[in-house]
Structures are given as structure tokens and as C-alpha cells.
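In: next come a sequence and a model predicted from it.
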Amino acid sequence: MSDKIRVLVADDQTLVRTGFRVILEAEGDIEVVAEADTGTEAIRQAELVRPDVILMDIRMPELDGLSATEQIRRRPDPPTIVVLTTFDQNEYVYRALRAGAAGFLLKDSPSSRLVAAVRAAATGDSLIEPSITQRLVERFVEPVEPDGLPERLAALTDRELDVLRLIARGLSNAEIAAELVVAETTVKTHVARLLTKLGIRDRVQAVVVAYETGFVTRNPDS
């Protein structure tokens, strides 16, 4: 049995699907097992080939990518879905969050970012483009300037706070490990603990908490 990451690419543009296939299959650990040009076909292929990761465009005919994401995520043992987006789709991104998308990628991102997003998704991690996070924060989160450490974060250790700050910048576990010069398994442990302490489901919600509490501001270097 192949140990490659199995990917379904769902996008209504043939050139986009082809480009993604070429980029991903140049990597020895990734295989594009199916393509779809509509949301309906994405659902069918997800059931048929059982991919590990789906790259899901938002705007597709018949059924849009968000509706397809909602339906796929309701099924038992669903694949991880990374939503493909553009700068003018903030509201769509928020709906994708509610639908259970694990990551967001700009369609014009560098090829290295595409590969990193797929690998992160396959390991239960997620990758959110920092630029997307910034736009979402500017659109939906009211600015807060707390006096000292926000009360909601009081239970977190200094290292967990470091990890939360880097999550809010859009870094994956591997990137956080490199930044902090620790093992990736150590980062995963810190992430799991801070999610538990904050009572939230995933790192996407952690980003929202970091900004809503004012722990991280609209300046990504905060």
C-alpha cells in the first residue's frame, strides 16, 4: 500500500487543476488521485477515492465548494479540506471555518506553500495564510488593547503563549518548531494543551482567540 498523501483537487479551471497536479506530483510523498470541476463531483470523488486531503475551490458550478465542504465534513471519517481562496472572499472564508475547513490557501501562493499546506493537512495540522488571517481580522474582529495578559490566556505557560502567537501568524507546526528550535512533536504537545486549556476545537479558533483578546494585534509582529 502506498504511503503517499492522497489528494483530490477540486477547481473548475482545468489549468489550475493541471498546475496543482504538476506541482504536487513533483514531490515524492504526494499523489493526486482525482480531480473535480464541480462541487457535486468533488463530493462524488471524495466518496469514491477516499483522499487524505482535498484542495477545494470556493466558486464552482452546480454546487459551490463551501456547500461541498459542509456535506463532505458531515460524513464519517472525512478527509481534511484546504479551501482555496482569493483576497475578495472574506465572508466565504468565515463560512468555510464553520463548515470545518482545516486551512486556507491563496490561489496564487508559491508552490512551496501549496506543498506545505497539503503536508500540514495530512498530519492533522493546518496552514492559514498570514495574509488571509490579517484580512479576516480587519474585517471581523474588533480591536482590543488589554492591560497585560488577557484573563482568558492566564492558564497558558510562557511557551504555550509563544506557540499561540506563532499560530496567529499562520505558521504550521513544522514552521513553529523551526522558529522555536524545538522538535515538532513538542510543538504538537503545546498546541494540544493550549487548545484544551482554552476550550476550543482547533488552531483556527486559536487564531480568533489570539486576536479577539488583543494578545496578538493587527501587526503580525506583535
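Out: That came through fine.
In: check which element follows the least confident helix or strand in the chain by mean pLDDT along the chain.
Out: The helix or strand of the chain with the lowest confidence, counting by mean pLDDT, DSSP states H and E, is helix 130-140 at a mean of 62. Remark: after helix 130-140, the chain's next helix or strand is helix 158-168, criterion DSSP states H and E.
In: how about that following helix: buried residues?
Out: 159-168 (16 or more other CB atoms under 10 Å). Where C-beta positions appear, they are placed from N, C-alpha and C, glycine not excepted.
In: what's the offset of it from the middle of its chain?
Out: Relative to its chain's centre, helix 158-168 lies at 17 Å (CA atoms, centre = their mean, to the nearest Å).
In: next one: stretch 59-75
Out: Remark: stretch 59-75 is offset 16 Å from the chain centroid, using CA atoms, centre = their mean.
In: again, but for stretch 177-194
Out: Its chain's C-alpha centre and that of stretch 177-194 lie 17 Å apart, by CA atoms, centre = their mean.
In: how about stretch 210-219?
Out: 19 Å.
In: low-confidence ranges, the chain, go.
Out: Applying pLDDT under 70 to the chain flags the ranges 1-2, 87-91, 94, 97-98, 126-146, 218-222.
In: which residue ranges form the strands in it?
Out: 5-10, 30-36, 53-57, 80-85, 103-106 (DSSP state E).
In: now the angle from the fourth one to strand 5-10?
Out: Put simply, strand 80-85 runs at 40 degrees to strand 5-10, going by axes from the mean of the first three to the mean of the last three CA atoms, to 10 degrees.
In: ok, now the third one?
Out: Using the same axes, to 10 degrees, the inter-axis angle of strand 53-57 relative to strand 5-10 is 20 degrees.
In: try the longest one
Out: Here the directions of strand 30-36 and strand 5-10 differ by 30 degrees (the same axes, to 10 degrees).
In: give me the buried positions along strand 30-36.
Out: Residues 30-36 are the ones in strand 30-36 that count as buried (16+ other CB under 10 Å).
In: helices or strands up against it?
Out: Applying 3 or more CB pairs under 8 Å, 6 or more residues apart in numbering; DSSP states H and E, one finds that strand 30-36 contacts strand 5-10, helix 14-25, helix 39-49, helix 111-122.
In: so residue 207 versus residue 191, what's the distance?
Out: Distance of residue 207 to residue 191, given as CB to CB, to the nearest Å: 12 Å.
In: neighbour count winner among those two?
Out: Neighbours were counted for residue 207 and for residue 191 using other CB atoms under 10 Å; residue 207 has more, 25 against 21.
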